[in-house]
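Enquirer: Okay, sequence plus prediction incoming.
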Amino acid sequence: MTKEYNVAILGATGAVGRRMIQQLEQSTIPVKSLKLLASYRSAGTVLKFKGQDLTVEETAPDSFDSIDLVLSSAGGSVSKKFLPEAVKRGAVCVDNTSAFRMEPDVPLVVPEVNPEALKKHHGIIANPNCSTIQMVMALEPVRRKFGLKQIIVSTYQAASGAGQAAIEELKKEAQDYLDGKDMQEDAKILPTKGDKKHYPLAFNLLPQIDVLEDSGYSHEEWKMIHETKKIMLDDMNSDKIKVTATCVRVPVPIAHGESVYFTVEDKDATAQDIMDVIAKFPGDVLQDDIKHQIYPQPVNAEGSRDTFVGRIRPDYENPGAFNMWVVADNLLKGAAWNTVENAEYLDKMNLI
């Protein structure tokens, strides 16, 4: 008899939460019932799941009574408050916030890359940062075949990484710019809402994502460095792969781009060899035909679960070093789909 699950989505009304509902509809997870949870401000909102109207409820500890599976994207403080309550009541939680990612006993999982880590869960599985997910998706087949020594990444991250409100702010600023008005008045969210200053993103680039730390790195850059090591090597501080990052917010609504420079252990590897392993890797789509100007673009990645990779070329100055360009929908593979996909794997592996 097929196992069926009582599922709850925490943060159901947010940009990622709404996409989780859509991805859950299209998934292989056998859903017996679905409960939608959010803050008191969003309680009462009606959303659809498989043609049925569901009313969003205000989240409370007893919201998780009889729930088997929680998919969460409601912010780190909300996850820290409610997910331990859900686990106490017997639920398994897949969390799309940064709340538990660096906890040593919480698996940080991209299913195509490190599914075995799911077996070590104690009730909570963490979804990595969106920019980390697409990078490890592109690099994991390379690591498996040729070894990986170093990664230098520069990101081109979409406004939607800061939520739906950031997309609306970007649009308003763009219109102000075209109308000859001052964009600064509309800048209330970026580069990060909790920081002292805010700057317009329209027709601009912001080399700050998340807070700036005393090290000189932003917290987003710190996350990419340590999450990559935890996912690939099961050790967030490993020195086996050297990683550094520069994270930049760009005036694109949805889908992050990344310029990734990497060195491999196998000095005989060619760009064609790397293209071949990426093309065969589940979830990766190779778009690399320079004769016909074929390469990944955010406008084409939006709405897709896949990770798109192209512009793969050697560094002729350094044997064993290569460049690539990686694009993915940060709200799907970078968030909602990776969360639901983790739940699919938990179901297949009988871990719920």
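Expert: Thanks, I have it.
Enquirer: Read off the pLDDT value for the nearest residue to Pro253 once chain neighbours are set aside.
Expert: Spatial nearest neighbour of Pro253, excluding adjacent residues (Cβ to Cβ, 6 or more residues apart in numbering): Ile167 at 5.1 Å. For every residue, glycine as well, the C-beta is placed using N, CA and C. Looking at Ile167, its pLDDT is 97.
Enquirer: so where's the stretch 101-250 of the chain shaky on pLDDT?
Expert: Of all residues in the stretch 101-250 of the chain, none has pLDDT under 70.
Enquirer: ranges for the strands of it?
Expert: For the stretch 101-250 of the chain, the strands defined by DSSP state E, counting those that start in this stretch cover 124-126, 150-157, 242-249.
Enquirer: Quick check: Lys35 touching Ile21?
Expert: No: counting by Cβ atoms under 8 Å, Lys35 does not reach Ile21; the two are 11.5 Å apart.
Enquirer: then the longest helix anywhere in the chain to CSV, C-alphas only?
Expert: Longest helix of the chain, by residue count under DSSP state H: helix 130-146. Written as CSV, here are the backbone C-alpha positions of helix 130-146 (Å, rounded to 0.1, in the frame of the first residue of the first chain):
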residue,chain,number,x,y,z
CYS,A,130,20.2,29.4,-4.2
SER,A,131,23.5,30.5,-5.6
THR,A,132,25.3,27.5,-4.1
ILE,A,133,22.8,25.0,-5.5
GLN,A,134,23.3,25.9,-9.1
MET,A,135,27.1,26.1,-8.8
VAL,A,136,27.4,22.6,-7.2
MET,A,137,25.0,21.3,-9.8
ALA,A,138,27.3,22.5,-12.5
LEU,A,139,30.5,21.4,-10.8
GLU,A,140,29.6,18.1,-9.2
PRO,A,141,30.0,16.0,-12.4
VAL,A,142,33.3,17.7,-13.0
ARG,A,143,34.5,16.9,-9.5
ARG,A,144,33.5,13.2,-9.8
LYS,A,145,35.3,12.7,-13.1
PHE,A,146,38.3,15.0,-12.9
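Enquirer: Show me what counts as buried in it.
Expert: The neighbour-count check on helix 130-146 (16 or more other Cβ atoms under 10 Å) flags 130-143, 145-146 as buried.
Enquirer: Identify, from those, the entry nearest to Asn237.
Expert: Thr132 (15.5 Å; Cβ to Cβ).
Enquirer: Can you tell me the closest non-neighbouring residue to the closest one?
Expert: Glu227 (4.4 Å).
Enquirer: give the contact list for the one you found.
Expert: Arg101, Met102, Leu108, Pro128, Asn129, Thr132, Met236 (Cβ atoms under 8 Å, 6 or more residues apart in numbering).
Enquirer: so can I have JSON lines of those showing distance to Gly75?
Expert: Listed next are the contacts of Glu227 as JSON lines, based on distance: Cβ to Cβ, whole Å:
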{"residue": "Arg101", "distance to Gly75": "14"}
{"residue": "Met102", "distance to Gly75": "17"}
{"residue": "Leu108", "distance to Gly75": "18"}
{"residue": "Pro128", "distance to Gly75": "16"}
{"residue": "Asn129", "distance to Gly75": "14"}
{"residue": "Thr132", "distance to Gly75": "18"}
{"residue": "Met236", "distance to Gly75": "22"}
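Enquirer: mind listing which of those are in helices?
Expert: Among those, the members that lie in helices (by DSSP H) are Thr132.
Enquirer: For ChimeraX, write the select line for the buried members of the contacts of Glu227.
Expert: To isolate the buried ones among the contacts of Glu227 in ChimeraX, judged by 16+ other Cβ under 10 Å, type:
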select :101,108,128,129,132,236
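Enquirer: on that earlier part again, what angle separates the longest helix of the chain from strand 242-249?
Expert: Computed by axes from the mean of the first three to the mean of the last three Cα atoms, to 10 degrees, the angle separating helix 130-146 from strand 242-249 equals 150 degrees.
Enquirer: next one: helix 130-146 to chain centre, how far?
Expert: Helix 130-146 sits 13 Å away from the centroid of its parent chain (Cα atoms, centre = their mean, to the nearest Å).
Enquirer: now for it, which elements pack on it?
Expert: strand 150-157, helix 219-233, strand 256-263, helix 271-280, strand 284-286, strand 307-314, strand 321-328 (3 or more Cβ pairs under 8 Å, 6 or more residues apart in numbering; DSSP states H and E).
Enquirer: again, only using 6 Å
Expert: In terms of contacts (3 or more Cβ pairs under 6 Å, 6 or more residues apart in numbering; DSSP states H and E), helix 130-146 is packed against helix 219-233, helix 271-280, strand 307-314, strand 321-328.
Enquirer: any chance of the ones you listed in CSV, with distance to Leu346 too?
Expert: Formatted as CSV, the helices and strands packed on helix 130-146 follow (distance: least, Cβ to Cβ, whole Å):
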stretch, distance to Leu346
helix 219-233, 17
helix 271-280, 25
strand 307-314, 21
strand 321-328, 22
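Enquirer: Looking at the ones you listed, spot the one closest to Asp182.
Expert: helix 219-233 (27.8 Å).
Enquirer: possible to save the strands of the stretch 101-250 of the chain as TSV with mean neighbour count and distance to Asn338?
Expert: What follows is the strands of the stretch 101-250 of the chain, written out as TSV (neighbours: other Cβ atoms under 10 Å; distance: least, Cβ to Cβ, whole Å):
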stretch	mean neighbour count	distance to Asn338
strand 124-126	25	10
strand 150-157	20	16
strand 242-249	20	19
